[in-house]
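Chemist: 3D model of this:
(4 chains)
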2 protein chains.
Amino acid sequence: MTMSNAGARRKAPTIHDVAREAGVSRGTVSRVLNGGHYVSPAAREAVEAAIKSTGYVVNRHARSLITGRSDSVGFLLTEPQERFFEDPNFNVLLRGCTQALAAYDIPLLLMLAGTQDERRRITRYITAGHVDGVLLVSSHSGDPVAEELRAAGVPLVACGKPIGQASKVSYVAADDRDGARDMVRFLHASGRRRIATVTGPLDTPGGVDRLAGYREVLAELGIEVDDRLIEHGDYSRAGGEAAAERLLTAAPDLDAVFVASDLMAQGVLSALHKAGRRVPEDVAIGGFDDSPAALASSPELTTIRQPWDRIANEMVRVLLAQIGGEDPAAVILPTELIERRST
Amino acid sequence: MTMSNAGARRKAPTIHDVAREAGVSRGTVSRVLNGGHYVSPAAREAVEAAIKSTGYVVNRHARSLITGRSDSVGFLLTEPQERFFEDPNFNVLLRGCTQALAAYDIPLLLMLAGTQDERRRITRYITAGHVDGVLLVSSHSGDPVAEELRAAGVPLVACGKPIGQASKVSYVAADDRDGARDMVRFLHASGRRRIATVTGPLDTPGGVDRLAGYREVLAELGIEVDDRLIEHGDYSRAGGEAAAERLLTAAPDLDAVFVASDLMAQGVLSALHKAGRRVPEDVAIGGFDDSPAALASSPELTTIRQPWDRIANEMVRVLLAQIGGEDPAAVILPTELIERRST
DNA sequence: TTCTCTACTGTGAACGCTCACAGAGACATG
DNA sequence: CATGTCTCTGTGAGCGTTCACAGTAGAGAA
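Modeler: Numbering: from 1, shown residues only, chains lettered A, B, ... in the order given. All right, here's what the predicted structure looks like:
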């Protein structure tokens, strides 16, 4: 009998209605809503009861209009979206961020900047203050979008270490160097003595740091670094295969390869197979990322897992802190070695 | 030398500033902004110039406050998030929706309702009018959330056909029945004569419709349906394997199996392998979904692909139409048969 | 001329909230 | 008794839009 629904969304109760119901003023209701102090227990109780009985929900637009905050944040993905969306790790990140924000009742806006047009539109949207901050996932760090947003004073935290250290932008990343160290130490501990490496591109933080970790462990073990054992790839499968072929020529006596990504490791695997080397009997292989490629390979790859759920949580934490006025911060999280059949 | 950045976001220009700059009134600027009529070419030009020179961007909160619209929509995922996030098809859908909405300058809010608490929070958020409509992805159709939102008069469009036909909720889905018909016709055309099927659960639309398609084609070909050739699964790999074992017992002479999901098809593959049947020489297998399982199987599965990018576009189109006041609508999109090695 | 109609423009009032401020008690201190 | 401090409460103003309405100018018709 009520004249509810049927698309005719009935007018929502306002703070006024709650105030009337509770027998107090708007100001008092507002103070209760914002968890403020200076409100008597009696008033608070009355207001809370009135909120419940009226089914009041704050109008975020009205609030934002006056506070200047939007109480929402953007999740910005620039560039090659396919690559990310196909990666389950990326999905863990997206999900983790959404849930971490939900705990603060902050909605996440998904923003994909593929084309130049989209980039412009999104940058305008963000700098106009429609979100309070941005969680950025960008392939090549030192992204112009990051710079632009930072220059506009938008709180920002990137996923992964930016390469252009010039600008002070917050980031959360896994400890690439330590992950690499773990893997090389592990290979050495399992008896391998001629440990080669296929690095990522040296203009990426991952490329640099994972190589640094490799070098450090050799130094630590008193093994002289042999340049013939180092080859560079481009994170692609084909790149890994080519690098492995060069390694086999330059240093045919290698008995282990630390590869800076699982995808490249697949290429390495196939090169070794072609060369008649057995894995892990003749050559052990360690990957990086714990991507699906690690499980799809045969043998399954021993690899380094990055703690994507924790990365998500930390990104949100750092972003909210920054929105709250704190300075940019960098967070490095430990990795985990996943032992499988390739070692 | 400018006192820009440093977190001190300078006050954004308002419609007032634009009006002053252009020498017109707020009203005129507003009319230009909303693409309205009744504005002279001269005024429009002046306003557009002023917008450019001031860098004005509309304050959506102020607008929403008065229009009552939020100009944003929610993408709601209920229930088992892992399953969806792992599915590349789901990611295509999410991406497609985001991009389709971006063309209308409508942001997408990602909402994950896993726990009961989250469901409540999100339902409140939505019914409070914080989004204009909802794109729903739900595992079991006839989802209580869908009902609740529909009852509250929230524009809603579901992905996939709801089972509870009682309520009139919009949906966009691939043509399961026709996809099934295509596959069975294809198997028959390639010479198979004892075509079995492993269905999905019969309380899901996919389960029902794909079986219906199977039956229809047999009828069309004048082949009598043999119940020994029909077994039911639960969309899981193990379920597929068990169903295949039952089939092999009941109808050992089968020479093809149409399986209602790729995951189940993997199970069927493994059962056939154990029974010493070769695929595709002895038995052809047709899957459904074109999921990663289809490519990961050996041999790779011939399967039915659902047009996820088009589904995304249609969901957005239907939702916006509904927000605009149109009635709920159902859209069925054609599928595509992907031929691989299993047939 | 005068009136009507059309095309356009400006203005005040809202939308629902927060914030700053003023003020009221209650109580202690000088 | 005056004064100060502390806790609590109500009120007016204003955030930046849109919307309804009133008003103006110019063209054409009576």
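
Chemist: from chain B, how far out is A:I285?
Modeler: Noted for A:I285: a distance of 21 Å to chain B, by Cβ to the nearest Cβ, to the nearest Å. (Glycine included, C-beta is placed from N, CA and C.)

Chemist: for A:T78, same thing?
Modeler: For A:T78 relative to chain B (Cβ to the nearest Cβ), the value is 14 Å.

Chemist: hang on, that residue packs against A:A113?
Modeler: Yes. Counting by Cβ atoms under 8 Å, A:T78 touches A:A113, with 4.7 Å between them.

Chemist: quick check: neighbours shared by the two?
Modeler: A:R119, A:V145 (Cβ atoms under 8 Å, 6 or more residues apart in numbering or on different chains).

Chemist: what does stretch A:221-232 contact?
Modeler: So stretch A:221-232 is contacted by A:188, A:194-202, A:207, A:211, A:214-215, A:218-219, A:243-244, A:246-247, A:250-251, A:254 (Cβ under 8 Å, 6+ apart).

Chemist: ok, and which of the residues you listed reach DNA strand D?
Modeler: Filtering these for proximity to DNA strand D by Cβ under 7 Å from any atom of the strand leaves nothing.

Chemist: only whichever of those residues are buried, select them in PyMOL.
Modeler: Burial among these is assessed by 16 or more other Cβ atoms under 10 Å in any protein chain shown; the matching PyMOL selection reads:
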select buried, chain A and resi 188+194+195+196+197+198+199+200+207+211+214+215+218+243+244+247+251+254
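
Chemist: pull out the buried positions in stretch A:32-46.
Modeler: A:V32, A:L33, A:V39, A:A43, A:R44, A:A46.

Chemist: can you check stretch A:302-318 too?
Modeler: A:302-309, A:311-316, A:318.

Chemist: and it, C-alpha only, in PDB?
Modeler: C-alpha atoms of stretch A:302-318 as PDB (Å, rounded to 0.1, in the frame of the first residue of the first chain):
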ATOM      1  CA  THR A 302      60.900 -21.800  -8.500                       C
ATOM      2  CA  THR A 303      60.400 -18.100  -8.200                       C
ATOM      3  CA  ILE A 304      60.100 -15.000  -6.100                       C
ATOM      4  CA  ARG A 305      56.700 -13.900  -5.000                       C
ATOM      5  CA  GLN A 306      55.900 -10.300  -4.300                       C
ATOM      6  CA  PRO A 307      53.400  -9.700  -1.500                       C
ATOM      7  CA  TRP A 308      50.700  -8.000  -3.600                       C
ATOM      8  CA  ASP A 309      48.000  -8.000  -0.900                       C
ATOM      9  CA  ARG A 310      50.300  -6.200   1.500                       C
ATOM     10  CA  ILE A 311      51.400  -3.900  -1.300                       C
ATOM     11  CA  ALA A 312      47.800  -2.900  -1.800                       C
ATOM     12  CA  ASN A 313      47.200  -2.300   1.900                       C
ATOM     13  CA  GLU A 314      50.400  -0.200   2.200                       C
ATOM     14  CA  MET A 315      49.500   1.800  -0.900                       C
ATOM     15  CA  VAL A 316      46.200   2.700   0.700                       C
ATOM     16  CA  ARG A 317      47.700   3.500   4.000                       C
ATOM     17  CA  VAL A 318      50.400   5.700   2.600                       C
END
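
Chemist: now that stretch, how far from the centre of its chain.
Modeler: 6 Å (Cα atoms, centre = their mean, to the nearest Å).

Chemist: report the secondary structure state of the residue in the stretch 151-300 of chain A positioned nearest to chain B.
Modeler: Per Cβ to the nearest Cβ, A:G153 is where the stretch 151-300 of chain A lies closest to chain B, at 4.7 Å. Put simply, A:G153 is coil when judged by DSSP: H, G, I helix; E, B strand; the rest coil.

Chemist: again, but for A:Y104
Modeler: Using three-state DSSP, the structure places A:Y104 in coil.

Chemist: that one - how many residues pack around it?
Modeler: Using other Cβ atoms under 10 Å in any protein chain shown, A:Y104 is surrounded by 11 other residues.

Chemist: test my guess that it contacts A:L320.
Modeler: Yes. The pair A:Y104 and A:L320 passes the contact test of Cβ under 8 Å, sitting 6.8 Å apart.

Chemist: relative to chain B, how far out is the closest residue to DNA strand D within the stretch 51-200 of chain A?
Modeler: Residue nearest to DNA strand D within the stretch 51-200 of chain A (Cβ to the nearest atom of the strand): A:I66, separated by 3.6 Å. Noted for A:I66: a distance of 9 Å to chain B, by Cβ to the nearest Cβ.

Chemist: where does that residue fall, secondary structure wise?
Modeler: Per DSSP states H and E: A:I66 is located in helix A:60-67.

Chemist: pull the distance from that helix to the chain's centre.
Modeler: Using Cα atoms, centre = their mean, the offset of helix A:60-67 from its chain centre is 30 Å.

Chemist: same question for stretch A:236-250.
Modeler: That offset, for stretch A:236-250, works out to 29 Å (Cα atoms, centre = their mean).

Chemist: do it and chain B meet?
Modeler: No. Judged by Cβ under 8 Å from any Cβ of the partner chain, stretch A:236-250 stays clear of chain B, getting no closer than 14.9 Å.

Chemist: residues making contact with that stretch?
Modeler: Residues contacting stretch A:236-250 (Cβ under 8 Å, 6+ apart): A:196, A:198, A:228-229, A:231-233, A:254, A:257, A:259, A:261, A:263-268, A:270-272, A:275, A:277, A:293.

Chemist: now those residues: which count as buried?
Modeler: Buried residues within the contacts of stretch A:236-250, counting neighbours by 16+ other Cβ under 10 Å: A:196, A:198, A:228-229, A:231-233, A:254, A:257, A:259, A:261, A:263-268, A:270-272, A:277, A:293.

Chemist: residues of the stretch 151-300 of chain A that sit close to chain B?
Modeler: Going by Cβ under 8 Å from any Cβ, the residues of the stretch 151-300 of chain A near chain B are A:A151, A:A152, A:G153, A:V154, A:P155, A:A296.

Chemist: confidence score at the last one?
Modeler: In this model, A:A296 is scored at 82, pLDDT.

Chemist: report the closest residue of the stretch 101-250 of chain A relative to chain B.
Modeler: A:A128 (3.7 Å).

Chemist: part of a strand, is that residue?
Modeler: No. Per three-state DSSP, A:A128 lies outside any strand segment and is helix.

Chemist: which one is it nearest to, not counting chain neighbours?
Modeler: Once flanking residues are discounted, A:A128 sits nearest to B:V57: 3.7 Å by Cβ to Cβ, 6 or more residues apart in numbering or on different chains.

Chemist: okay, now that neighbour: neighbour count?
Modeler: 15.

Chemist: do A:R26 as well
Modeler: Counted with other Cβ under 10 Å, A:R26 comes out at 13.

Chemist: try the one 5 residues further on
Modeler: Other residues within reach of A:R31 by the criterion other Cβ under 10 Å amount to 18.

Chemist: thought it was touching A:Y38?
Modeler: Yes. Assessed by Cβ under 8 Å, A:R31 is found in contact with A:Y38 at 6.5 Å.

Chemist: low-confidence bits of the stretch 101-250 of chain A, can you list those?
Modeler: Applying pLDDT under 70 to the stretch 101-250 of chain A flags residues A:139-142, A:164-167.

Chemist: up against DNA strand D, what does it have?
Modeler: Counting by Cβ under 7 Å from any atom of the strand, no residue of the stretch 101-250 of chain A is near DNA strand D.

Chemist: ranges for the strands of chain A?
Modeler: A:73-78, A:108-113, A:133-137, A:156-159, A:170-174, A:195-199, A:230-232, A:256-259, A:284-286, A:303-305, A:330-333, A:336-338 (DSSP state E).

Chemist: pick the most deeply packed of these.
Modeler: Mean neighbour counts were compared across these using mean count of other Cβ atoms under 10 Å in any protein chain shown; the top stretch is strand A:256-259, at a mean of 30.

Chemist: neighbouring strands for that strand, and are they parallel or not?
Modeler: Strand A:256-259 has its sheet partners listed here by DSSP bridges as strand A:195-199 (parallel), strand A:284-286 (parallel).

Chemist: redo those as CSV? Include distance to DNA strand C.
Modeler: CSV is the format used below for the strands paired with strand A:256-259 (distance: least, Cβ to the nearest atom of the strand, whole Å):
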stretch, distance to DNA strand C
strand A:195-199, 51
strand A:284-286, 53
